[in-house]
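Chemist: missing the sequence, but the structure's below:
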């Protein structure tokens, strides 16, 4: 069920169908793989199947004789031995960052790493020839356990670094002056009979972004500029980083992100394959193209999450929280991604969530292993933090014998206390946790479901009911630049926009945000239509091309609306200000006597006025305009916010668990999110639904599994379980608004909310259903196998026995295998 918005006479607030959908749905879209300039050569990357090995020889001879092959190249052949892929987030001054080569040089560090590249007339010929390249290796044992790898004396992924720990970053509220001492809180709680200390370990499994469109790149060197088409979220960053990596002047590079089929953070990186395409295009003087297969994407596109969380929470026995200590190990994989080192650090500021925790200490060690690197995945650090604190709130409630919702309410920030500066040093501007929670509980029938839960327990029903809770907030709109700079982030957080008023009254909007499925063209058109008073249909949004939009910092971190959208508003205000001067001149009136509404400048108290389209044409003609201004309404703006935005919400899940089979069923899901003012409710619904699906998938379905040799064993959609629509119920969603004070539109961002909030709600619900049976923890994903085995252990039974019904729909199951006791999907 979706609550529809009230009808509105303005564009902002209308549930408009996305204007870009007509193109995308009808197959008139243009993805990178659709682009093949004349004379294009295709490449296939020769990839190792070993996770850790020394390269002893590469024999290219048979491949070079294969039909259609133009050449076979190693890093040495390309003169690229010194080329290293960029990492833009050195989280500590002493961060260890190994060179990530475009192709393996002398050794390989993860299964799927490229060692050579084949160039041919067609993709099929390149792939066939790639199979003929003979590579000999001296294999070594793969280093896969991040905890073991972090220990002194462990075998090393990169021997030249002397350690597997890339960096250790710490935040201490006492040292930073934002709160009390966690160490003191723990000592006091341990010695105080009226206090409690709860310690837990949680595992954030490794996930694969699994975007719809595989990555692709085309490079054409034949013009005055080198043109790069890429299925990327970050065309502007890709251009800058190509200059940094290869030394090509930025002015000689044009990067185009055409239609992009999803990203979820998985297309935020700068790829070895993109740099290979540029190097080969320069070397050969012809366009070069690469498109990955789905298995390549699963294997080598960066992964997400993969943390071990050791958490300690202290509280008075009346439920008042006194401290939170967080120790993380984060698996970086074999190299550092573009922003990968900083992803777990973002969680440092969100572990306190919506609660008035007086003392916080956060320590994170980033660790190398022989796996695919990890980087941003939808939510980027904040889902991990939300999972940790929301699981701990349930654990604390259990230890205290309290209703978990009442315990949350006791500790959260009340709406009267905003703006509120947290123990992490952030200032939450607005929010109303009470209102969102009350409405969610009403829609969910919280009290009724609690009664049903108790009745099922009393009756011994084999299908038990659990209620999962997640009350979350997030920092999004990745900015402001000064804050990012204080965290040593390698870029700013601003965004740019330009508005061009055409002679005929139509409007072109240029934005540095780069859409990959979010609905920017529609939402931004609605904003501009209201700001300028022009028809929605008269607004065109241009993006994703550094020649059209030369300034920008692209799309990630729920920043497009709260940063990019405000840049557009600021540019529109400048257009109106210029138009007002010309209107006053033409109407022979003072600017102070003009009113602007619904696209028309009117002299106060009269019916004398001119529409902004008339002003645009008069400006184009330039026959009569003020002497102190140029004949142009076009305007630019760059917006750098002073604060993050802080959406929040309450998510509730009703989970049924069949105690005979372990089958897990999501019966009902309700969420009420405060995302500030809503531009387009229909787009918001799409974002929330997609986010919920991904967060629920982590809780119930998804996990990237490696075998003992470091091979990813579920590198296809046959093996890597993602949910379909049939696996999920209809969601009940509502939005409420406490307008943000950090921007003119009062918006907060919505793209990651569902993913951040839903995972702990599901896991809390599963455990709530069977905790009374002795089950206290189940590692994600909570498949039916794992649930059933946990129940057997709790009963003192044999977890290796096969239950009567393990292949339940929506459970994300593999086959039960006594050699696979954790129940990983095989």
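Modeler: Structure received. All values reported here derive from a predicted model rather than from experimental measurement.

Chemist: Please count neighbours and contacts with C-alpha atoms only from this point.
Modeler: Will do.

Chemist: Doesn't residue 328 belong to a helix?
Modeler: No - counting by DSSP: H, G, I helix; E, B strand; the rest coil, residue 328 is not part of a helix but strand.

Chemist: Determine the set of other helices and strands touching the strand or helix carrying residue 685.
Modeler: Here residue 685, judged by DSSP states H and E, is contained in helix 681-700. Helices and strands touching helix 681-700, by 3 or more Cα pairs under 8 Å, 6 or more residues apart in numbering; DSSP states H and E, are helix 753-770.

Chemist: Tell me how many other residues crowd residue 58.
Modeler: Neighbours of residue 58 under the rule other Cα atoms under 10 Å: 14.

Chemist: what sits against the closest residue to residue 82 other than its chain neighbours?
Modeler: Distances taken as Cα to Cα, 6 or more residues apart in numbering put residue 101 closest to residue 82, at 7.7 Å, once the chain neighbours are dropped. Shown in contact with residue 101 (Cα atoms under 8 Å, 6 or more residues apart in numbering): 81, 82, 83, 84, 85, 272.

Chemist: Hmm, residue 729 is touching residue 667, no?
Modeler: Yes - look at residue 729 against residue 667 with Cα atoms under 8 Å: they come within range, at 6.9 Å.

Chemist: Between these two, which is the more surrounded one?
Modeler: Taking other Cα under 10 Å, residue 729 and residue 667 do not tie; residue 667 has more neighbours (15 against 12).

Chemist: what kind of secondary structure is the more buried one in?
Modeler: strand.

Chemist: The helix holding residue 685: which residues count as buried?
Modeler: For helix 681-700, burial by neighbour count (16 or more other Cα atoms under 10 Å) applies to 681-685, 687-700.

Chemist: next one: the lengthiest helix in the chain to chain centre, how far?
Modeler: Counting by DSSP state H, the longest helix found in the chain is helix 566-587. Here the centre of helix 566-587 is set off from its chain's centre by 36 Å, with Cα atoms, centre = their mean, to the nearest Å.

Chemist: likewise stretch 246-254?
Modeler: 28 Å.

Chemist: Please work out which residues outside that stretch touch it.
Modeler: 83, 224-228, 239-240, 242-243, 275, 545-547.

Chemist: same thing but at 7 Å, please
Modeler: 225, 226, 227, 228, 239, 240, 243, 546, 547 (Cα atoms under 7 Å, 6 or more residues apart in numbering).

Chemist: Could you tell me which residues within the helix or strand containing the fifth one count as buried?
Modeler: The reference is to residue 239. If you go by DSSP H and E, residue 239 is part of helix 235-246. By neighbour count with 16+ other Cα under 10 Å, helix 235-246 contains the buried residues 235, 236, 237, 238, 239, 240, 241, 242, 243, 245, 246.

Chemist: after that helix comes which helix or strand?
Modeler: Using DSSP H and E, the first helix or strand after helix 235-246 is strand 253-256.

Chemist: just the angle between the helix or strand following that following strand and helix 235-246, please?
Modeler: Next helix or strand after strand 253-256 toward the C-terminus (DSSP H and E): helix 272-284. With axes from the mean of the first three to the mean of the last three Cα atoms, to 10 degrees applied, the angle from helix 272-284 to helix 235-246 works out at 60 degrees.

Chemist: And helix 272-284, what's buried?
Modeler: Buried-residue list, helix 272-284, by 16+ other Cα under 10 Å: 272, 273, 274, 275, 276, 277, 278, 279, 280, 281, 282.

Chemist: and if you look at stretch 296-313?
Modeler: Result for stretch 296-313 [16+ other Cα under 10 Å]: buried residues 296-313.

Chemist: Which residues outside it are in contact with it?
Modeler: 112, 197-210, 214, 266, 323-331, 372-377, 712, 715-716.

Chemist: So what's the residue count around the closest residue to residue 545 other than its chain neighbours?
Modeler: Using Cα to Cα, 6+ apart and skipping the chain neighbours, the partner closest in space to residue 545 is residue 256 (4.3 Å). By other Cα under 10 Å, the residues close to residue 256 number 28.

Chemist: Going forward, the N-terminal residue is numbered 613.
Modeler: Sure thing, new numbering starts at 613, so read that last one as residue 868.

Chemist: From residue 1177, how far out is residue 868?
Modeler: Applying Cα to Cα, to the nearest Å, the value for residue 868 to residue 1177 is 21 Å.

Chemist: try residue 923
Modeler: 38 Å.

Chemist: Could you verify my assumption that residue 1081 touches residue 1263?
Modeler: Yes - under the criterion of Cα atoms under 7 Å, residue 1081 makes contact with residue 1263 at 6.0 Å.

Chemist: Tell me the residues that contact both of these two, please.
Modeler: With Cα under 7 Å, 6+ apart, residue 1081 and residue 1263 have common neighbours residue 1373.

Chemist: what residues does the helix holding residue 1297 touch?
Modeler: Here helix 1293-1312 has contacts from 617, 625-628, 1131, 1334-1335, 1362-1368, 1370-1371, 1374-1375, 1392-1395, 1423-1424, using Cα under 7 Å, 6+ apart.

Chemist: re earlier: mark which of the contacts of stretch 908-925 are buried, thanks.
Modeler: 724, 809-810, 814-822, 826, 878, 935-943, 984-989, 1324, 1327-1328.

Chemist: Among those, which are located in strands?
Modeler: 809-810, 814-819, 935-943 (DSSP state E).

Chemist: List the buried residues in the worst-scoring helix or strand of the chain on mean pLDDT.
Modeler: Across the helices and strands of the chain, mean pLDDT, DSSP states H and E gives its lowest value to helix 633-637, namely a mean of 89. Across helix 633-637, burial judged by 16+ other Cα under 10 Å covers residue 633.

Chemist: Same question for stretch 1029-1048.
Modeler: 1032, 1034-1036, 1039-1048.

Chemist: which element follows the least confident helix or strand of the chain toward the C-terminus?
Modeler: strand 653-659.

Chemist: Report all helices and strands that the helix or strand that that following strand is followed by contacts.
Modeler: Downstream of strand 653-659, the first helix or strand assigned by DSSP H and E is strand 665-671. Here strand 665-671 touches strand 719-720, strand 746-751, going by 3 or more Cα pairs under 7 Å, 6 or more residues apart in numbering; DSSP states H and E.

Chemist: so for whatever helix or strand comes next after strand 665-671, what's the average pLDDT?
Modeler: Next helix or strand after strand 665-671 toward the C-terminus (DSSP H and E): helix 673-676. For helix 673-676, mean pLDDT rounds to 98.

Chemist: for helix 673-676, which positions count as buried?
Modeler: 675, 676.

Chemist: Identify all contacting residues around that helix.
Modeler: So helix 673-676 is contacted by 683, 684, 741, 742, 744, 745 (Cα under 7 Å, 6+ apart).

Chemist: let's see it at 6 Å
Modeler: By Cα atoms under 6 Å, 6 or more residues apart in numbering, the surrounding residues in contact with helix 673-676 are 741, 744, 745.

Chemist: That'll do, ta.
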